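Enquirer: Give me coordinates for this.
(2 chains)
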Amino acid sequence: MKYNRKVPCTKEQLKEIRGFVNNSLGQHGLSDVDISAMVLAIDEVCANLIIHSHHCNPKEHIEIIINVGLHDGVEFRIVDEGVGFDINEYDEPSIDDLIKSKRKGGIGLILVKKIMDDIDFIKIKNKNTCRLFKKIDIS
Amino acid sequence: MVDIKTIKEGDILMMNIVGDVDASSSIELDTALQGAIDSKEEKILVDCSNLNYISSAGLGVFMSYIQDIKANDIKMVICGLNEKVHNVFEILGLHQLLTIKSTVTEAKEYLSEV
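Expert: The predicted structure is shown next:
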């Protein structure tokens, strides 16, 4: 089953994105804890793109595509246009370093990597796709 | 998106978080915690019974005050996390770095003992 949603790049859209992911996954017999972890991971990737790649410009958009049941799990594709950001090239800090430096950012992508089983970044011309896969039983 | 109310109960500052703490609203949690530290509160109880959602932006705020809380000998306890929110703290291991109790009653008991 495939779902998709395109939203303008504002932080206020994050709640809308979470609702979309929650409602889409909620139709497939997954537990609340599993759904909420995937909702969180998508929220983190989208927040990162909206804030850092698109500077909260409402004229720009990101698209979220969810494919439930593909390859025994859930595949998410987050598509945008522009510079692009490859999560796999992000060298995440340690929790200890973040606490010592009192830095408030930097843990979102740690969460994404802990929650998802596979993350790819594909750039074709100006179009970027962040593909995230979660292996999970779908009823 | 989030509503944070603080009231003083005896020597405890009660901070009640209602709603979602995400990238658009974490600044409000930051302001509330900074205010509590600036006003030299010694005991802070963060009641998350009505916290529906927290993302890394909110977790990052809690993490950024761990050092200040230790340095100022502040006792802070977080309580009332629902299963989904507690899971997020666990994924990062923050449940081992912050004092977390199940209920407001347990949190108050903890603060009365320290």
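Enquirer: Can you tell me, leaving aside adjacent residues, what's nearest to the spatially most central residue of chain A?
Expert: Among the residues of chain A, the one closest to the centroid is A:I42, at 2.7 Å (CA atoms, centre = their mean). Nearest non-adjacent residue to A:I42, counting by CB to CB, 6 or more residues apart in numbering or on different chains: A:V21, 5.0 Å away. No exception for glycine: its C-beta is placed from N, CA and C like everyone else's.
Enquirer: Hmm, B:F62 is touching B:I100, no?
Expert: No - in this structure, B:F62 is not within contact of B:I100 by CB atoms under 8 Å, at 10.4 Å.
Enquirer: what is in contact with the two at once?
Expert: Shared contacts of B:F62 and B:I100, defined by CB atoms under 8 Å, 6 or more residues apart in numbering or on different chains, comprise B:I78.
Enquirer: helices or strands up against the longest helix anywhere in chain A?
Expert: Identified as the longest helix of chain A according to DSSP state H is helix A:32-48. Applying 3 or more CB pairs under 8 Å, 6 or more residues apart in numbering or on different chains; DSSP states H and E, one finds that helix A:32-48 contacts helix A:13-25, strand A:61-68, strand A:73-81, helix A:108-115, strand A:127-135, helix B:83-92.
Enquirer: contact partners of it?
Expert: Contacts to helix A:32-48, defined as CB under 8 Å, 6+ apart, come from residues A:11, A:13-14, A:17-18, A:21-22, A:25-26, A:62, A:64, A:74, A:76, A:78, A:85, A:87, A:108-109, A:111-112, A:115-116, A:130, A:132, A:134, A:136, B:22-23, B:53, B:55-57, B:83-84, B:87-88, B:91.
Enquirer: With stretch B:30-40 instead?
Expert: By CB under 8 Å, 6+ apart, stretch B:30-40 touches A:104, B:4, B:6, B:13, B:15, B:44, B:61-62, B:64-65, B:68-69, B:72, B:74.
Enquirer: how about it: buried residues?
Expert: B:D30, B:A32, B:L33, B:A36, B:I37 (16 or more other CB atoms under 10 Å in any protein chain shown).
Enquirer: Go through these and flag which are in helices.
Expert: Going by DSSP H, the helices hold B:D30, B:A32, B:L33, B:A36, B:I37 from these.
Enquirer: how many neighbours does the nearest residue to A:G69 once chain neighbours are set aside have?
Expert: Nearest residue to A:G69 in three dimensions, chain neighbours excluded: A:I138, at 4.8 Å (CB to CB, 6+ apart). A count of nearby residues for A:I138, using other CB atoms under 10 Å in any protein chain shown, gives 14.
Enquirer: So A:I138 is in contact with A:G73, correct?
Expert: Yes - A:I138 lies in contact with A:G73 (CB under 8 Å); the separation is 7.4 Å.
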